[in-house]
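Engineer: The following block contains a protein sequence and its predicted model.
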Amino acid sequence: MRTLSIATVCATGLFLLAACGDEDQEAQQDSAADHIQQAWNSHVSTLADIHKLTARLEDECAQARGVDNSHAADAANAVSRELTREALMGVAQPRIDPETADTVGYQHIHRELWAAFNPVDDSAAPQVPDHNQVAVMFGEEFATAYVAAADAGGPLEINGDTPGIENVHLDGAATYIEYFTDGCAGAVANELYENDPESYFIQALEVAPNLNPYLLTNAKYLAIEQEWAECMRHDGYDLSYFGRESHLLAEYYADDPTTFEERQKELAAADASCVRRKDVNKRNRELFESVVVDYFESHELESKLADMRDVNEAVLQRGNAIVGDSLRWQ
């Protein structure tokens, strides 16, 4: 009969215990990662809900004060007021899709180029915004500066000195937030954030890290980029990195403005096709979520993310409680 020594039995037992321990540890790590990922996705989704609720309350305020908010949309769009998923994803954000490529190409992605390619006709009567509408929405000081810029033929430059606007930026954050301090926009912000919007946005930005440095040095991200670039080269376009299409667009327009639209849509269609064939968007999203988990674990930010969830829920509760209360804004 074959026998095992006590030492062998003990060693085998220790091995099994160690193996089970490793499996338990891996399961706990996977569970923690899933928790962070779910919390992050929930956080970004809630930010979108808050943005929609803010727009609704601002519209109600405008109506209560006798103004059509839609006419002040251009002024609102000049200010960065939303932490979007796309902005937070940085270089991993979704690329162009086939439908957009076929209809408008890169126009919505590179608005600054289209503005340069299609200058405003100076002979046409300038569309000066209504001072009262802008003032009701965003305050008298901002309206004065905004309308004066429009009278001068250009947009208002938004910076730290722009009246009626505060800018919140944290080093290492993926983006920044600008918020109005006056008018309906300021009143709504004070209601939602208990008269302290700056503190809220600082807390929100603390869990909105700039992950581009981590992505740009990640082997998986670089491999995805390489596959996409090779696909583009195969289709006749030498784009060595995401975003370089802006250089080609400028070349197309300089070569011949009359063929620019056709050529830029062809480029966009090839781009969208390579994105689909190489499954770029799905792979980048999965990679981004894994980088989010690694970052929050290594920087021990899970508790701040949980705190932010509670803060956002309170913001939504306060906002939903005053929906339809037109007297509040009069």
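Structural biologist: Now that the structure is in, tell me what you want to look at.
Engineer: Going by C-alpha atoms from here, please, whenever you check contacts or count neighbours.
Structural biologist: OK.
Engineer: helix or strand for the residue nearest the centre of the chain, which one?
Structural biologist: Closest residue to the average C-alpha location of the chain: A87 at 2.4 Å, with CA atoms, centre = their mean. Take DSSP states H and E as the rule and A87 turns out to sit in helix 85-89.
Engineer: re the thing from before, correct me, but the residue nearest to the centre of the chain touches A174?
Structural biologist: Yes - assessed by CA atoms under 8 Å, A87 is found in contact with A174 at 7.1 Å.
Engineer: Now for the residue nearest to the centre of the chain: which residues touch it?
Structural biologist: By CA atoms under 8 Å, 6 or more residues apart in numbering, A87 lies in contact with 93, 174-175.
Engineer: for the residues you listed, which one is nearest K265?
Structural biologist: In terms of CA to CA, no member of the contacts of A87 lies closer to K265 than Q93, at 20.5 Å.
Engineer: Please name the nearest non-neighbouring residue to that closest one.
Structural biologist: Among residues not flanking Q93 along the chain, E86 sits closest, at 5.1 Å (CA to CA, 6 or more residues apart in numbering).
Engineer: Please work out how many residues are found near that neighbour.
Structural biologist: 12 (other CA atoms under 10 Å).
Engineer: now do Q317
Structural biologist: 12.
Engineer: Likewise for N190?
Structural biologist: For N190, the count of nearby residues is 15 (other CA under 10 Å).
Engineer: let's number from 13 now, not from 1
Structural biologist: Okay, using 13 as the starting number, the last item reads as N202.
Engineer: helix, strand or coil for T58?
Structural biologist: Classification of T58 by DSSP: H, G, I helix; E, B strand; the rest coil places it in helix.
Engineer: show me what contacts it?
Structural biologist: N324.
Engineer: rerun that using 10 Å as the cut-off
Structural biologist: Residues near T58 by CA atoms under 10 Å, 6 or more residues apart in numbering: 52, 64, 321, 324-325, 327-328.
Engineer: Please apply the same query to T270.
Structural biologist: Contacts of T270 (CA under 10 Å, 6+ apart): Y264.
Engineer: gap between the closest residue to T193 other than its chain neighbours and C196?
Structural biologist: Once flanking residues are discounted, T193 sits nearest to G176: 5.3 Å by CA to CA, 6+ apart. Using CA to CA, to the nearest Å, G176 is found at 12 Å from C196.
Engineer: And those two? Which one has more around it.
Structural biologist: C196 (26 against 18).
Engineer: Sticking with the more buried one, tell me its helix or strand.
Structural biologist: C196 belongs to helix 195-204, assigned by DSSP H and E.
Engineer: what do you get for H47?
Structural biologist: Here H47 is assigned to helix 18-76, by DSSP H and E.
Engineer: circling back: what touches both of A99 and A186?
Structural biologist: Joint contacts of A99 and A186 (CA under 10 Å, 6+ apart) are 220, 222.
Engineer: shared neighbours of G176 and C196, which are they?
Structural biologist: Listed as contacting both G176 and C196 by CA under 10 Å, 6+ apart are 150-151.
Engineer: The residue nearest to Q105 contacts A60, correct?
Structural biologist: No - between E98 and A60 there is no contact under CA atoms under 10 Å: 11.4 Å.
Engineer: Lowest mean pLDDT among the helices and strands of the chain, which one is it?
Structural biologist: Ranking every helix and strand in the chain by mean pLDDT, DSSP states H and E puts helix 85-89 at the bottom, with a mean of 66.
Engineer: thinking again about what came up before, so what does the helix holding C196 touch, helix or strand wise?
Structural biologist: Applying 3 or more CA pairs under 10 Å, 6 or more residues apart in numbering; DSSP states H and E, we find helix 195-204 packed against helix 18-76, helix 143-150, helix 152-163, strand 189-192, helix 209-218, helix 314-333.
Engineer: Show me what counts as buried in it.
Structural biologist: Buried residues in helix 195-204, counted by 16 or more other CA atoms under 10 Å: 195-201, 203-204.
Engineer: can you check stretch 112-121 too?
Structural biologist: 112-114, 117-119.
Engineer: again, but for stretch 178-194
Structural biologist: Neighbour-count burial for stretch 178-194 [16+ other CA under 10 Å]: 178-182, 185-194.
Engineer: for those residues, which one is nearest E239?
Structural biologist: Nearest to E239 out of these is A186 (CA to CA; 26.0 Å).
Engineer: Nearest residue to that closest one in space, please, no chain neighbours.
Structural biologist: According to CA to CA, 6+ apart, the nearest residue to A186 is N222 (3.6 Å).
Engineer: any idea how far T187 is from the one you found?
Structural biologist: Relative to T187, N222 is positioned 7 Å away (CA to CA).
Engineer: And for A201?
Structural biologist: Taken as CA to CA, the span from A201 to T187 is 19 Å.
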